[in-house]
Each structure stands twice: as C-alpha cells, then as structure tokens.
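*Asks:* I'll drop the sequence and a predicted model, then ask my questions.
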Amino acid sequence: MKILSLIFIFIFLFSFVYAQGNASANASGNLSGGIGEGIESIEDVKDKIDEAKYNFLATQWKEFFLKNKFIAPVNVFFEKINIVFVILFARDWSFGLEMLFVFMIWLFTLFSLASYFRIRFKTGWKVFLLSLGGTMAFAWLRVFNYLAKGAVKIIFYKPSTVWNIVMFILLMVCIFIYLKLNKAYSKKLKDAREKREQNEKTANLENKTGELENFKEGLKRGAGA
C-alpha cells in the first residue's frame with residue numbers, strides 16, 4: 001500500500017508539474033509578442049515576460065487542479081485555518097509547488113533537528129518543542145520561502161516539460177538527501193557521545209576499583225602491624 005501511495009503521489013505531482021510546464025510555455029508564447037512596444041531594453045522585455053508568465057501560471061494551474069473534487073475541499077479547509085500556516089511557516093496558505101517545497105523542507109528540518117536534540121535530551125516533549133521552535137525560527141527568517149522560490153524558478157527556467165519534470169525530480173531527491181545527511185550526521189554524533197560516556201564510565205569504574213584495592217591493601221597492612 002505504501003508503494004502504491006507513493007506511485008499515486010508522484011503521478012499527481014508529475015501531472016502538476018506537466019500542467020504548469022505547459023502553462024509556462026503557453027504564457028511565454030502568448031505574452032512575448034504583445035509586450036514589445038514601449039519597452040526600452042531586452043532585459044525589460046524579459047522581466048515583463050517572466051512577471052506576466054508567473055501571473056498567468058498562478059491562475060491557470062489553480063483552475064485546473066482546484067476543479068478536482070478531492071483537492072478543492074482540502075484547499076478550502078486550509079484557507080480557513082490559514083493562521084496555522086502563518087504561525088508555522090511564516091506565510092499564507094497558497095496551493096502550489098512553492099508551498100509544497102516549503103512544507104517538505106520545513107518538515108525535514110523538523111525531523112533533522114529532532115535527531116540532533118535527541119543526542120542531548122531523552123524526554124520526547126523537550127525534543128519536539130525544541131525542534132519545532134528551531135524549525136519555526138528558520139521559517140520566520142524566510143529561509144524556507146527563499147529556497148522554495150529558488151526551486152520553482154529552477155523548475156520553470158526552461159519552458160520544456162521534460163526539463164520541468166527532471167528538475168522537479170532532482171530537487172525532490174536533493175531534499176531527501178538533505179534529510180538523510182542530517183540523520184547520518186546526527187547518528188554519528190550520537191554514537192560518538194555514547195562512546196565517550198562509556199569510556200568515562202569505564203575510567204570511573206577503574207578508578208573506584210583502584211581505590212578499593214588500595215583501601216584493602218591499607219587494611220591488610222594495618223592488620224599486619
């Protein structure tokens with residue numbers, strides 16, 4: 001069931017990227033011809049086209065997906081609890097790839113911080129609160145938003161569906177690698193801490209054993225005297 005669920009999710013995401021990719025290509029084609037007059041430079045043309053293209057995308061893909069009977073109610077629900085997204089993610093809820101990347105980076109950062117805090121704290125609620133607080137701090141520093149915007153720009157850098165999907169997959173892989181690297185590094189730190197604690201316990205035990213032996217020797221010498 002997990003495999004089927006993952007396949008379904010990826011098919012949905014691919015179709016999402018495909019729809020945005022087509023909209024991007026259509027927007028570029030439709031808009032590039034009508035902006036030329038009154039523009040002073042080629043760079044201005046490019047900026048105008050990009051701005052109009054993303055505005056065009058913002059409406060096209062939403063109209064496409066929000067007609068779905070499963071997605072529409074979820075979107076309405078999230079709009080009603082928008083304050084939760086503002087608090088946790090430092091941004092309003094908006095159905096789109098950018099929100100998807102923000103959520104995934106946010107979630108994987110939460111998991112990563114939790115793996116680090118478990119090295120120091122054994123209590124679950126302390127680990128959760130510290131991880132949540134740290135993740136929210138990154139969110140309010142706009143780190144996740146900047147990364148998400150950059151990811152979306154990379155995906156739609158070229159008006160090609162193949163490019164869009166390949167870049168989407170690569171970025172998703174990078175996010176998973178980000179989680180795996182943090183997990184591996186935190187495990188390495190945890191093992192090092194446990195080894196150090198074990199060495200300290202062994203050293204303390206040896207010291208106590210030596211002290212006990214010295215005490216016994218002292219008693220023997222005292223009795224012999």
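*Replies:* Now that the structure is in, tell me what you want to look at. Numbering: from 1, shown residues only.
*Asks:* what bits of the chain have low per-residue confidence?
*Replies:* Per-residue confidence of the chain (counting by pLDDT under 70) places the weak regions at 1-62, 203-225.
*Asks:* show me the helices in it, by range?
*Replies:* With DSSP state H as the criterion, the chain has helices at 2-32, 42-65, 71-80, 82-89, 97-120, 124-140, 143-155, 161-224.
*Asks:* Ser112: what's it in contact with?
*Replies:* The contact partners of Ser112, by CB atoms under 8 Å, 6 or more residues apart in numbering, come to Tyr178, Leu179, Asn182, Lys183, Ser186. Backbone N, C-alpha and C define where each C-beta goes, glycine included.
*Asks:* who's in contact with the first one?
*Replies:* Neighbour list for Tyr178: Ile105, Phe108, Ser112 [criterion: CB under 8 Å, 6+ apart].
*Asks:* nearest to Gln198, of those?
*Replies:* Nearest to Gln198 out of these is Ser112 (CB to CB; 25.6 Å).
*Asks:* so how far is Val74 from that closest one?
*Replies:* For Ser112, the distance to Val74 under the criterion CB to CB, to the nearest Å works out to 27 Å.
*Asks:* ok, so of the contacts of Tyr178, who is nearest Lys80?
*Replies:* Relative to Lys80, the closest of the contacts of Tyr178 is Ile105; by CB to CB it sits at 24.3 Å.
*Asks:* ok, the closest one - how many residues close by?
*Replies:* Under the neighbour criterion other CB atoms under 10 Å, Ile105 is assigned a count of 23.
*Asks:* try the one 3 residues further on
*Replies:* Under the neighbour criterion other CB under 10 Å, Phe108 is assigned a count of 19.
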